[in-house]
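S.K.: Here is my input; please provide its structure:
(2 chains)
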Amino acid sequence: MRRFINRHPDAAIRLLLILLPFVLVIAAYAVASSARLAANPDDKLLPSWTQMQQAVDRMAFTPDRRSGEYLMWKDTAASLTRLGLGIGIATVLGGLLGILQGLIPYARALLSNFTGIVAMIPPLAVLPILFIMFGLGEVSKVVLIIVGILPFIIRDIAQRTGEIPREQLIKAQTLGASTWQITHRIVVPQMLPRLIDSVRLSLGAAWLFLISAEAIAAEAGLGYRIFLMRRYLSMDVILPYVAWITFLAFALDFALRLLQRWAFRWMYRGEGR
Amino acid sequence: MSQVSIKNLWKSYGDQTVLENISLEIEEGTFISLVGPSGCGKSTMLRMLLGEESPSKGEILIDGAPLAPEPSADRGVVFQRYSVFPHLTVFDNVMLGLEFAGSPFLSRLFGQKKKAARARSQSVLDAVGLGQACRKYPSELSGGMQQRLAIAQALVKKPKVLLLDEPFGALDPGIRAEVHEILLSLWKETHMTVFMVTHDLSEAFKLGTRVIAFDRARNRPEERKVYGATITFDHKVERKLAPLHAQSA
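M.R.: Residues are numbered from 1 along each chain as shown, chains lettered A, B, ... in the order given. Prediction:
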């Protein structure tokens, strides 16, 4: 008998094992849901597939009776706009500050302890301050996402910049490069793919802050909607929304990974050699 | 006139003396091999020549002028590893030095200048035998090819002094001999001064025209802190193919 750490499943068994947890969860839900609904047809906690499908139909493909809008798309657009703005701004700022902090000793002395401390502030504790400062509109939500993920991106990029071998920086200087030339020809191009990694790691936090901010004060948004529906125990809406949010998060992560592979081929060339 | 002169140079870190009283006159076109046991300060010497560190006492002059206190374009360097830029193709790695010089803000050349730089890069790459690999990225190259690229990168700037820090230490013996040949022929053509740190004695004698050894004269434990290493051996190697002043005259 070979040791377990040396035994690998073949393709078919692998596929089966990959699918197994998904199938189990779905099956468990279906069984529980039908049992509850058999006992009480008005039960709202575990809606059936048909109920959820009807809810999706109502939210996504039927105009709202009051506003005439397709609520699910409106919510998706509102949430993705906030998320995109927040992540976009945090990425640009985080990249710039991180590289400065990692490369320039003066900037490191100025910033590194400060960002280290700021990173320890729980962003949600700042949310009331943001609401007071920026009002309940879009700005405070975008700022919460920025406050939440920027310190991490700065520190991550600063560290990665510091990991550029000293040999490379010396070499660049012997080629006559100035600080500016080293920054934009050597450091920035090598940090862009790391920045994507950093953003991918921040995505979970960004979603968390988005949904939290929307739950507290908003007029549209995925987080707003599920917290609104909670009042009516509308699990038939909440569950598809959660699935949709999960899908969006997964798709965003996947898109970033593709972008990285496509835009920074130098990282992957010769990998298998 | 001697090109590099090192005068009464001392280097210590805190109260730990690493090098003491090093004086050397190095003629233009010399290929110096610097050998010595680990920890004898030969890499420290190279870092001082590079301008990465400064001597505690004494000075280093190139063509009579004191060395800039930071790395600059008059001294090229090849390290054992990480000397090439992974995000640039072989060709762009070589172009880079010319772009830095010709375009302070954008670091990109255009028109006639670009044409000239491309031609020069290509000729240097051909000289190190990488003419066919221009479009590859460093990660696709073997160790020997990467070191040849690092040499090409330095040569394109026509440095006065080429500094090599155990440049072939990570290569297989066969590949190493191959890169030795390329380096020797380039050195003969360009007539530059080369300063190579190595721990391989046969390599030191094969390549160098002058072999210098550093060692500690006093090596008892209680003496190690106060006394640094110094030159214990300085030997000119007679060459069959004396390259000095052959082409440049």
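S.K.: how long is stretch B:51-60 end to end?
M.R.: Chord length of stretch B:51-60, first to last residue, is 10 Å (C-alpha to C-alpha, to the nearest Å).
S.K.: hmm, who's touching the helix or strand where residue A:111 lies?
M.R.: Per DSSP states H and E, residue A:111 falls inside helix A:105-118. Helix A:105-118 is contacted by residues A:97, A:100-102, A:151, A:154-155, A:158 when judged by C-beta atoms under 8 Å, 6 or more residues apart in numbering or on different chains. Where you see a C-beta, it was placed from the backbone N, CA and C, and this is true even at glycine.
S.K.: show me what contacts residue B:163?
M.R.: B:46, B:49-50, B:75-78, B:195-196.
S.K.: Kindly tell me how buried the residue of the stretch 1-150 of chain A found nearest chain B is, as a neighbour count.
M.R.: Residue nearest to chain B within the stretch 1-150 of chain A (C-beta to the nearest C-beta): residue A:105, separated by 12.9 Å. Residues contacting residue A:105 under the criterion other C-beta atoms under 10 Å in any protein chain shown number 8.
S.K.: do you know how far it is from residue A:177?
M.R.: 17 Å (C-beta to C-beta, to the nearest Å).
S.K.: Residue A:223 too?
M.R.: Taking C-beta to C-beta, one finds residue A:223 at 47 Å from residue A:177.
S.K.: Ok, residue A:131 next?
M.R.: For residue A:131, the distance to residue A:177 - C-beta to C-beta - is 47 Å.
S.K.: okay, those two: which has more neighbours?
M.R.: Taking neighbours as other C-beta under 10 Å, residue A:131 and residue A:177 compare with residue A:177 leading, 25 against 18.
S.K.: which ones are touching that one?
M.R.: A:185-186, B:100, B:107.
S.K.: Now with 7 Å, please.
M.R.: By C-beta atoms under 7 Å, 6 or more residues apart in numbering or on different chains, the contact set of residue A:177 is residue B:100.
S.K.: Residue A:195 too?
M.R.: Residues near residue A:195 by C-beta under 7 Å, 6+ apart: A:91, A:95, A:157.
S.K.: what would those residues look like in CSV with pLDDT, neighbour count and distance to chain B?
M.R.: Output for the contacts of residue A:195, formatted as CSV (pLDDT from 0 to 100; neighbours: other C-beta atoms under 10 Å in any protein chain shown; distance: C-beta to the nearest C-beta, whole Å):
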residue, pLDDT, neighbour count, distance to chain B
A:91, 96, 20, 19
A:95, 96, 21, 15
A:157, 96, 26, 16
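S.K.: Which of the three states applies to the residue positioned nearest the centre of chain A?
M.R.: What sits nearest the mean C-alpha location of chain A, by C-alpha atoms, centre = their mean, is residue A:203, with 1.9 Å. Under the three-state scheme (DSSP: H, G, I helix; E, B strand; the rest coil), residue A:203 adopts helix.
S.K.: pretty sure it contacts residue A:250?
M.R.: No: if you go by C-beta atoms under 7 Å, residue A:203 and residue A:250 don't touch, sitting 9.6 Å apart.
S.K.: near chain A, which residues of chain B show up?
M.R.: Within chain B, the residues that sit near chain A (C-beta under 7 Å from any C-beta of the partner chain) are B:50, B:52, B:70-73, B:75-77, B:79, B:81-83, B:85-87, B:96-97, B:100-101, B:104, B:107, B:137, B:139-140, B:154, B:157.
S.K.: now for the longest helix seen in chain A, which elements pack on it?
M.R.: When chain A is parsed with DSSP state H, its longest helix is helix A:71-103. Contacts defined by 3 or more C-beta pairs under 7 Å, 6 or more residues apart in numbering or on different chains; DSSP states H and E place helix A:71-103 against helix A:49-60, helix A:105-118, helix A:138-162, helix A:188-216, helix A:222-230.
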